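Engineer: have a look; sequence and predicted model below, questions after that.
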Amino acid sequence: MRALAVAMLCYAVPAGAVTCADVEHAGNSYTTCEVDVTAEDLRLFLRDDNGAILGSFAAVDDFVADKTLVFAMNAGMYHDDRAPVGHYVENGIAEMRVVPNAGPGNFGLLPNGVFCINDGSAQVYETLRFLELSPSCRDATQSGPMLVIAGALHPRFLIDSTSRYIRNGVGTSADGARAIFAISNNAVTFHEFGSFFRDVLKTPNALYFDGKISRLYATDLRRSDFGFQLGPIVGVVE
């Protein structure tokens, strides 16, 4: 039984170039959604036109009005007022600067990283590498820790860790053409979650979004998780 409260579908339907599937690995269950960034409209969402936090998948779907939300996931840590903890850019406008220093909590467990989206491409960058390269990002969200860095697990992940949560994150292909999002359907450790991106999804770089509040919206699976109000949300509209 899933640990998340979800609305599930018994069958899948096509959703353009977004493909979602349930995957078992090493005794754990995950749901993945792969986005062809060259074909799909992948974006970040935080506020409506009046500056109010959207906070939910339903609000995002209403906000895009003339289009339909086909995939969405919470996309980075946020404060009590749901403003982003780290770097945040939406449609070329920066709301929050890059935070390069270590700090408390998972966000400050360096190295952390930035998920950078442009028309036709997406990349996960380790934060200091992001500052060094200073890439242009139409949309960007900073979170942490990194799960996979140049093909290696985060150095502080412990194979015998007892810290288990529902977790979600994103990995990108080397060429930036594919973004693969994953959420665990049972509580997992950082080591297990990072290993899933490295060994199964085979993304050279992957970034942790959050735990406990992790949620997924996928029309491909007729799934819409509910629970806490959210901060930054990543989604595909068609």
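Structural biologist: All right, it came through fine.

Engineer: show me the shaky parts of this structure.
Structural biologist: Scanning the chain with the threshold set as pLDDT under 70 gives 1-16.

Engineer: Thr219 touches Asp61, doesn't it?
Structural biologist: No. Using Cβ atoms under 8 Å, Thr219 is not in contact with Asp61, being 10.0 Å away. Where C-beta positions appear, they are placed from N, C-alpha and C, glycine not excepted.

Engineer: I'd say Pro135 and Tyr125 touch.
Structural biologist: Yes. Judged on Cβ under 8 Å, Pro135 makes contact with Tyr125 at a distance of 7.0 Å.

Engineer: what do Thr219 and Asp61 both touch?
Structural biologist: 68-69 (Cβ atoms under 8 Å, 6 or more residues apart in numbering).

Engineer: for the closest residue to Ser214 other than its chain neighbours, what are phi and psi?
Structural biologist: Excluding the flanking residues, the one nearest Ser214 by Cβ to Cβ, 6 or more residues apart in numbering is Asn168, at 3.9 Å. Taking degrees, to the nearest 10, you get phi -140, psi 160 for the backbone angles of Asn168.

Engineer: how many residues are close by Asn168?
Structural biologist: 24 (other Cβ atoms under 10 Å).

Engineer: now do the one 10 residues further on
Structural biologist: Arg178: 19 surrounding residues under other Cβ under 10 Å.

Engineer: pull out the buried residues from stretch 183-198.
Structural biologist: The neighbour-count check on stretch 183-198 (16 or more other Cβ atoms under 10 Å) flags 183-186, 188-198 as buried.

Engineer: return the subset of these lying in helices.
Structural biologist: Judged by DSSP state H, the buried residues of stretch 183-198 include 190-195 as members of helices.

Engineer: from Arg222, how far out is Asn74?
Structural biologist: Look at Asn74 and Arg222: by Cβ to Cβ, to the nearest Å, they are 19 Å apart.
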